[in-house]
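In: Provided below for reference: sequence and predicted model.
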Amino acid sequence: MRDYKELIKSFTEDDYTSGQVNLHIHTTYSDGKGDFKNFVKESEKFKAIAITDHNTIQGYLENKISENVIPAVEFDVWCGYVFMHLLGYGIDVNSNELKPFLAKSKKETEMDIIRIFSTRNIKKLIDAIHASGGIAVIAHPACCWAISLDRFFKKLKNLGLDGVEVYYPYQRHRGIIKFHTVEAVKKNALKHNLILTGGTDLHGTDITYAG
C-alpha cells in the first residue's frame, strides 16, 4: 500500500500555492457541483488531488481512481465546544473501522443544518482514520471558534491529530467567519510539529479555481 503520509509530508508550500496539489475537493457525491469521474480524469494534469466529500466515500466505492488521486473524506465533528471539519487522507475506503462514521443519507453529506448536529466522537473518529491507514487533518482551522489555537492544536494532537490545513484561500463565507489569522494557524501548526496541507475547498467544476 502506498505511503500517503510520507507523500503528503513531501508536498511544499509552492505545490499548494501554485495549484499543483489540491487536497480539498467536493463533488456531487456531497455538496459539490463537479463530477467525480471528471476530476479523476483531470488529476493527471496535477501532482496530486484529494476528493474529500462530506461524510462519504461513495465516490471511491463506485469509481476507479488514478495514481494522482489520494483517497480522502471530510467529516463533521465536534471537539468540545468547537465545531470542526476533519479530513482523513490516504484512507482504505474498504475499511470497516470507518463505516460507523459515514453518512446514512444524502442529506448528511450536503445539508449544513443536519451536518452541524453530528454526534461523532472525535477520538474514536481519529482512531478509525488511523486504523484505515490514513492521517487526520483539521480543515480551515482559522474558522474554528477556539479561544486559543495553541491549546486547541495541543488537545487535538493528544487525540491523535496528524496535520493542519494551512494553505487555504478563505474565500466567500469562510473569509468573513474567521477567528484566527492564517499566520497564527501556520505558527501553531509548526509549533506542534503537525503536517502542513492545503486545498481550495472546491465546490465548483474547475480544479484550478478556488471556489
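Out: Yep, it's here.
In: which residue packs closest to Lys123, ignoring adjacent ones?
Out: Leu159 (5.1 Å; Cβ to Cβ, 6 or more residues apart in numbering). Using the backbone N, CA and C atoms, a C-beta is placed for each residue, glycine as well.
In: host element of Gly59?
Out: helix 58-62 (DSSP states H and E).
In: send me stretch 58-65 as PDB with only the CA atoms.
Out: Below are the C-alpha coordinates for stretch 58-65, written out as PDB (Å, rounded to 0.1, in the frame of the first residue of the first chain):
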ATOM      1  CA  GLN A  58     -19.200   6.600  -2.100                       C
ATOM      2  CA  GLY A  59     -17.400   8.200  -5.000                       C
ATOM      3  CA  TYR A  60     -14.400   6.000  -4.300                       C
ATOM      4  CA  LEU A  61     -16.500   2.800  -4.000                       C
ATOM      5  CA  GLU A  62     -18.200   3.400  -7.300                       C
ATOM      6  CA  ASN A  63     -15.300   4.700  -9.400                       C
ATOM      7  CA  LYS A  64     -11.700   3.900 -10.200                       C
ATOM      8  CA  ILE A  65      -9.100   6.400  -9.200                       C
END
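In: ok, now which ones touch the residue sitting furthest away from the middle of the chain?
Out: Distance from the C-alpha centroid of the chain peaks at Ile147, with 22.1 Å (Cα atoms, centre = their mean). Ile147 makes contact with no residue, according to Cβ atoms under 8 Å, 6 or more residues apart in numbering.
In: which SS class is Pro100?
Out: helix (DSSP: H, G, I helix; E, B strand; the rest coil).
In: how about it, what does it touch?
Out: Contacts of Pro100 (Cβ under 8 Å, 6+ apart): Ala128.
In: next: Ser132.
Out: Ser132 touches Gly88, Ile91, Asp92, Ser95, Glu97, Leu98, counting by Cβ under 8 Å, 6+ apart.
In: for these, give me a markdown table that also has pLDDT.
Out: Compiled in a markdown table, the contacts of Ser132 are given as follows (pLDDT from 0 to 100):
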| residue | pLDDT |
| --- | --- |
| Gly88 | 98 |
| Ile91 | 98 |
| Asp92 | 97 |
| Ser95 | 95 |
| Glu97 | 97 |
| Leu98 | 97 |
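In: let me know the pLDDT of Glu183.
Out: Predicted confidence (pLDDT) for Glu183: 97.
In: show me the shaky parts of this protein.
Out: 1, 175, 209-211 (pLDDT under 70).
In: now do the same for the one residue sitting closest to the centre of it: helix, strand or coil?
Out: Taking Cα atoms, centre = their mean as the criterion, Leu87 is the residue nearest the geometric centre of the chain, at 2.9 Å. Following three-state DSSP, we place Leu87 in the strand state.
In: name the nearest residue to it, ignoring sequence neighbours.
Out: Val137 (4.3 Å).
In: dump whichever helix or strand the one you found is part of to PDB, restricted to CA.
Out: Secondary structure from DSSP H and E places Val137 in strand 135-138. Extracted C-alpha coordinates of strand 135-138, given in PDB (Å, rounded to 0.1, in the frame of the first residue of the first chain):
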ATOM      1  CA  ILE A 135      -3.900  10.500   8.600                       C
ATOM      2  CA  ALA A 136      -6.200  13.000  10.300                       C
ATOM      3  CA  VAL A 137      -6.000  16.700   9.400                       C
ATOM      4  CA  ILE A 138      -8.100  19.600  10.600                       C
END
